[in-house]
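Student: Just the structure for this:
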Amino acid sequence: MRYAIVVLAIGGIAVLCFALAGRYDAPVRPIDLLHVNWNSAYVNQSPDAEVYGVPLAAVGILGYVLLVALVLLDQKVLTVYWSGILLFYGLYLTNIEARILYVWCEYWVSSLILIVLIAFLAVGDLIW
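Tutor: Okay, the predicted model is just below:
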């Protein structure tokens, strides 16, 4: 299970690298607030996509890197805790997309799916 977690976390790093790149060079499409839209550029360039000037995608990349380090150091309990923190962080960002921006980002949703899988695998690895 450890290797699956590492592979998924590397996938999360890749996804968030695309999100970070999209923050700086993707054009923002107009938004139709009457329908749920998928607009990564709008989400990544919104004021909610940064904390103290640091893009949330960069924070997420660091989170995944720390997760990989914990898995490789065989820190099962810390891996479960850290994956739980990342899961709640992803849910918080999803809440911002749903209730504040009314727009979904493909990258953030993909990252949330990956971290849900990682959290399940981390708990399974701890129990197993």
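Student: Partner strands of the helix or strand of the chain with the lowest mean pLDDT, with direction?
Tutor: When the helices and strands of the chain are scored by mean pLDDT, DSSP states H and E, strand 37-38 comes last with a mean of 80. Strands that pair with strand 37-38, judged by DSSP bridges, come out as strand 103-104 (parallel).
Student: After the strand it pairs with, which helix or strand is next?
Tutor: helix 106-127 (DSSP states H and E).
Student: can you give me the helices in this protein?
Tutor: Remark: helices assigned in the chain by DSSP state H are 2-25, 40-44, 56-72, 76-96, 106-127.
Student: Who are the contact partners of the residue nearest in space to the middle of the chain?
Tutor: Nearest to the mean C-alpha position of the chain, counting by C-alpha atoms, centre = their mean, stands Ser111 at 3.8 Å. Contact analysis of Ser111 by C-beta atoms under 8 Å, 6 or more residues apart in numbering lists 12, 15-16, 19, 60, 90. Glycine gets a C-beta too; all of them are placed from N, C-alpha and C.
Student: I'd like these written out as JSON lines, with pLDDT and distance to Ala98 added.
Tutor: Output for the contacts of Ser111, formatted as JSON lines (pLDDT from 0 to 100; distance: C-beta to C-beta, whole Å):
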{"residue": "Gly12", "pLDDT": "97", "distance to Ala98": "20"}
{"residue": "Val15", "pLDDT": "95", "distance to Ala98": "19"}
{"residue": "Leu16", "pLDDT": "94", "distance to Ala98": "19"}
{"residue": "Ala19", "pLDDT": "89", "distance to Ala98": "17"}
{"residue": "Gly60", "pLDDT": "95", "distance to Ala98": "18"}
{"residue": "Gly90", "pLDDT": "94", "distance to Ala98": "12"}
